[in-house]
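Q: Give me the fold of what follows.
(chains A, B and C)
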Amino acid sequence: MLEVSGLTTKYGAISALRDASLTVGEGEVVGLIGPNGAGKTTLLGSIAGLLPIDTGTITFDGKNVTSTAPEKILRAGLALVPEHRRIFADMTVEENLKIGGITTKAAERNELLEEMADLFPVLRDKWDTAAGYMSGGEAQQLAIARALMSKPKLIMMDEPSLGLAPILVDLVFELIDTLRSQGRTILVVEQNATRMLNAADRAYVLRSGEVVATGTGSELLERSDLFDTFVGG
Amino acid sequence: MFPNSKRDIAFPFLGSIVLFVVLFGGGLIYQTILGNGSAERLVTTMLVDAIIVIGIQIYIGNTGILSFGHIGFGAIAGYVFAVYAISPEEKLKRIPAAPFGLTETQVSPWLAIAIAVAVTLVFAVIVGIGLARSGAQSGSVAATVITLALLFVTHEVAKSWPELTGGNRGGISFGIGESLSGRWPILVVLFGSLVVARLYGQSRSGRLAIAAREDNLAARAMGVNPLVQQMVALLLSVAIVAIGSSLRVWQIGSILPDRFFFDYAMLTLVMLIVGGRNSVTGAVLGVAVMTAARELARRLGQNGFEVFGIGLDEPPLDWIFRENLNSVVLGVAMVAFMIWRPTGILEDWEFDQWLYRKIGRGGETKPERLSELETIPDATFTASDISVSFGGFQALSNAGITAQSGEVVGIIGPNGAGKTTFVNVITGMVEPTDGQFSIDGQALSGKASYELSRSGLVRTFQNLRLFGALTVRENIETAGLVAREHRSDRAVRDVDALMTEAGLWEHRDRRARELDYGNSRRLELARAAAMAPSFMLLDEPTSGMSDSESITMIEQVRHMAATVGAGVIVIDHDLGFITGISDRIYVFDQGKVIAEGTPAEVQANPHVQAAYLGSAAIT
Amino acid sequence: MTELLQNLIDGLGRGSIYALLALGVAVVFGIMHLLNFAHGELITIPGYLTYWAFQNNWSWWTVVPLIIVSAVLTSLLIERIAFSRVRGAKDFTLLLTSFGVHFIVAAGFLLYVGAAVKPYPRPDWFADTVSAGSLNVEVFDLVVIGVTIVVLAGTTWLLQRTMFGLALRAAASDFDTARLMGVKSDSVIRGAFALSGFLAGIAGVFWIMREGQMTPTAGIPPMLQGVLAALIGGLGSLRGAVLGGLVLGLAEVLLRSWLPVGIQNLTTGFVFVMIALLFIFRPGGLLSVPQVERV
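A: Here you go, the predicted model:
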């Protein structure tokens, strides 16, 4: 469904990604793990059209979407839940969700709003609150719900558990499970490697901008050398 | 005052002579060829414009703050000059009811200029304080509006205070006997302005102002207080504009509110921007180019002007070639340059510096390697019980570290562990909810970032913040300038030697923005070392580096720190790098310090493994 | 007391026009960080069209829509020709681009219409007053205040209740994230310029009526008042812009009535001194938007 090949992205002189490739199939949950600074966020940003790409191609649903504007990529069916959630703090929960559904028709948008309120009961409770007043866990749910509002074929999440208390991290992974059971396709960047590998069908390990390992979740869990990637060696 | 007397005094002086000769000589040739009075007037006008544009360049060029207000200052100076210089008989005719008993006063034109400068500077100080309060820095929108307001208010006052200014219609004309005859005062002032502008740009204050223009945050982290340097630049620049404006009034022999308003502000700005606002050479070039372009446009727009027998004021071209075409040319030049070349023709190319690199430098010898300090001055950095909460979110709770001079202390932790917040606290960017930090018992909490670095805690930045327009050497020199003033009790090492240590000798004359990534990182390190810090705080020094580059970085950081006798606090995501470089490591997770010890101890700690890989790894 | 009330109404009348101008400035600033020094051209271009229309015997009933429509079109046109080419550029570049646009338009009028003042008739009710007891209120002020209330209410509705308004607010708060949600950058920027032009058009109707004449540089005062009011309120805040406009209008009128007779003509100067004081004590403006420094 999504195919990234040979992607290189630079920030000025810094090479954030070097020749990175990955694929995501329909209905799969794919994890992207690696230490801080490995280029995971850059990879998602490049796919979503936020960052200029130096070389490489991105194909989605058979269409070439390399270096396409973010608003067009979203319309192609690829949604990104950005790092740090980036919810619109001055706008209410409902308004945030509506923006998420800006590409849908009004009637459909209203149905989706209902759907999100059912899926995330906490949002229903805070419906008319400014999103800036929500806790980290609530805001993360809002960010995910906001991305779902566009009815994406593939949803990418950038560090959904970042800065959350352990109990909320559980919640995020439960949520990923729920979305999987709905048959959605998901690409998740996570630092919490073990949990990600347990939750994912397949995963890629990124280090210094390069893909250094790939396999199913359980295969990668077996690999003791991966531990060194994170904690030294 | 000046880092290098040959480069920063002799050559700028020489360069000023050349610029002066070229500008004035070009004017003389033009007026000789045409040989009429209007050509002569045009050249005189250009020379006065040059003085004012050079004056404006000192402020806009060195601080990066766009100012419309300099022409407002010019208006103040022009009126003060006029009111003092006109004879009482003239004043009785023009402004018989002038306040402050000014009707009876008359002084010589030169003294009138001096008074004009003094009065204008008083206003400049007030405006300067306002600009500083507005948080002025390169590109500040609020600062620009303040200067625009000044331009507007001087114009309004000039129009609506006829007792003093003669008002909008009559204006003041005089009357000091006659208007300025002969050019020599203009020439003297023009040459003086060129020298002052160039010397300022190369001086300590100018260098610090430019550093802040290039990167305000990095300049503050290097101990620069940009607001002070901006004020210096403002006063110097306003003084020259005031003299130039007085000369303009003297030359024309009259003053009207509209002479110093939008049109003139636009003209001077376009001149500055077209040539290249960051260089005096650019300012002079812009004056010449725009004077020529406007004169051409004016002539083409005149009635009866023909080219190859085609009358330009007849159809089909009459819709372009009209009277006042020259003012459209200004606007078009401004917008076109902003769209296609916002930095102007010359960008920041400076003639005398180019000349210095070509012929002036002579054979430079690569300095000897620096020895590491034998005795390292004792110092202790302590941060204790630091807590920060944003809204309801506890980003840090009771986190603390200590570090000794000569020691390398690493801080690691997964994304979101609170490392960045911790760095932000001890660099003065975030106010902690609770807790203190200090060096040798001297409390640093609550200090501005430039005070922190002067106290010995010098940082680098994750995203590389170099002074892009400055050369490699000038980058390090800038830190050296601050160190000599504020860190003189420590070993302030030679700039060239530090540069060589960092492996940058071959790149010494390249602008920092042209460096590749590895060299940029090394430059940032050398620049921090040149501050003679007690502690260097390195924020993700290997981000974006490959593994092999990270490994060479270990040796460089350790050596550089030993050279200046600094302790190192380093935050990095790369555990290989951190364990390789650190003597001790603090591990952060969930806003707390969860482990502390030698690299081996930390690596063996199950809590650390859990924090990195997720809770499952504990079992 | 009566005098104070009279001044308040007078000040609110002026302030309403400033508020509309400032709101237009703030909308554009919010979306692309451009402080539009060419905002006054949204008044001069319709202003000269007004002159032309009266030369051709139009009436105010037809001129008013002409002013509003031409202001919107001018705003869109300037965006298309100039500002769309400097999107994302440094603030310095944005500021000078807009200043250059102002200058081109002003010089264009000088070139093709000439420096002479171009007069046109004010509406016949312009000087009418209504009295209540000892209070004499200008009808013009009441109309301005009334229309402004309606327009501000409409704008609030637009921003709060329509998808376009939501997109505009989202893009102003975080442009990249808004695009990730599917907000089209071209549409939202053009929408912002159209809204800015519409607000300037409404303000322009009153400004043009009040002035009764046009000159090539007539755009400077409304631009400056709009920009200053936005700054007084706090750059980036839409509510602040409206508040700033009202404060500026009231300050002008009240100061004029309080200053001794001899120096009343220096009111503008004193207003600026007050603004300077405001900035010294509250650098971010009345409703300052906190600026986060990014490392």
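Q: Please spell out the segments of chain B that come in under the pLDDT threshold.
A: Low-confidence segments of chain B (pLDDT under 70): B:169-171, B:174-181, B:303-317, B:391-392, B:544, B:613-619.
Q: so the residue nearest the centre of chain A bridges to which residues?
A: For chain A, the residue nearest the mean C-alpha position is A:M157 (1.4 Å; C-alpha atoms, centre = their mean). In this structure, A:M157 bridges to A:V81, A:V188 when assessed by DSSP bridges.
Q: Using the three-state scheme, assign A:G215.
A: Assigned by DSSP: H, G, I helix; E, B strand; the rest coil, the conformation of A:G215 is strand.
Q: domains of chain B?
A: Listed domain ranges for chain B are B:5-257, B:380-618 (source: automatic domain parsing).
Q: re earlier: these two touch, right, the residue nearest to the centre of chain A and A:V189?
A: Yes. A:M157 is within contact range of A:V189, at 6.8 Å (criterion: C-beta atoms under 8 Å). C-beta here means a position set from N, CA and C on the backbone, and glycine is covered the same way.
Q: still on that earlier bit, what's the closest of the domains of chain B to chain A?
A: In terms of C-beta to the nearest C-beta, the element of the domains of chain B nearest to chain A is domain B:380-618, at 3.4 Å.
Q: Name the residues of the stretch 351-500 of chain B found near chain C, please.
A: Residues of the stretch 351-500 of chain B lying near chain C by C-beta under 8 Å from any C-beta of the partner chain: B:T420, B:N424, B:M429, B:F461, B:Q462, B:N463.
Q: from those residues, which is closest to A:D225?
A: For these, the minimum distance to A:D225 (C-beta to C-beta) is 27.8 Å, reached by B:Q462.
Q: So what's the residue count around the closest one?
A: B:Q462 has 18 neighbours, counted by other C-beta atoms under 10 Å in any protein chain shown.
Q: any idea of the pLDDT on A:T9?
A: Note on A:T9: pLDDT of 85.
Q: How about it: which residues does it bridge to?
A: Per DSSP bridges, the residues bridged to A:T9 are A:L17.
Q: show me the contacts for it.
A: Neighbour list for A:T9: A:S15, A:A16, A:L17, A:G39, A:T42, A:L43, A:S46, A:L51, A:P52, A:I53, A:D54 [criterion: C-beta atoms under 8 Å, 6 or more residues apart in numbering or on different chains].
Q: Now do the residue nearest to the centre of chain A against chain C, distance only.
A: As for A:M157, its distance to chain C is 12 Å (criterion: C-beta to the nearest C-beta, to the nearest Å).
Q: quick revisit: could you export the contacts of A:T9 as CSV, including secondary structure and pLDDT?
A: Below are these laid out as CSV (DSSP: H, G, I helix; E, B strand; the rest coil; pLDDT from 0 to 100):
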residue, secondary structure, pLDDT
A:S15, strand, 70
A:A16, strand, 79
A:L17, strand, 87
A:G39, coil, 84
A:T42, helix, 89
A:L43, helix, 92
A:S46, helix, 92
A:L51, coil, 89
A:P52, coil, 87
A:I53, coil, 89
A:D54, coil, 89
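Q: give me every residue that touches A:S5.
A: For A:S5, the contact set (C-beta under 8 Å, 6+ apart) comprises A:S21, A:G56, A:T57.
Q: how does it look with 10 Å?
A: Residues in contact with A:S5 (C-beta atoms under 10 Å, 6 or more residues apart in numbering or on different chains) are A:D19, A:A20, A:S21, A:L22, A:T23, A:T55, A:G56, A:T57, A:I58, A:T59, A:T66.
Q: Test my guess that B:Y200 contacts B:P12.
A: Yes. Counting by C-beta atoms under 10 Å, B:P12 is a contact partner of B:Y200 at 9.3 Å.
Q: okay, and the common contacts of those two?
A: In contact with both B:Y200 and B:P12: B:V280, using C-beta under 10 Å, 6+ apart.
Q: When these two are compared, which one has more neighbours?
A: Of the pair B:Y200 and B:P12, B:P12 is the one with more neighbours under other C-beta under 10 Å, namely 28 against 24.
Q: Check the gap between that one and B:S5 for me.
A: When C-beta to C-beta, to the nearest Å is the yardstick, B:P12 and B:S5 sit 11 Å from each other.
Q: Quickly list what's touching both of these two.
A: Common neighbours of B:P12 and B:S5 (criterion: C-beta under 10 Å, 6+ apart): B:Q202.
Q: Pull up the residues of the stretch 101-250 of chain C that are close to chain B.
A: Within the stretch 101-250 of chain C, the positions adjacent to chain B are C:101-112, C:114-115, C:216-217, C:220-221, C:223-225, C:227-228, C:230-232, C:234-236 by C-beta under 10 Å from any C-beta of the partner chain.
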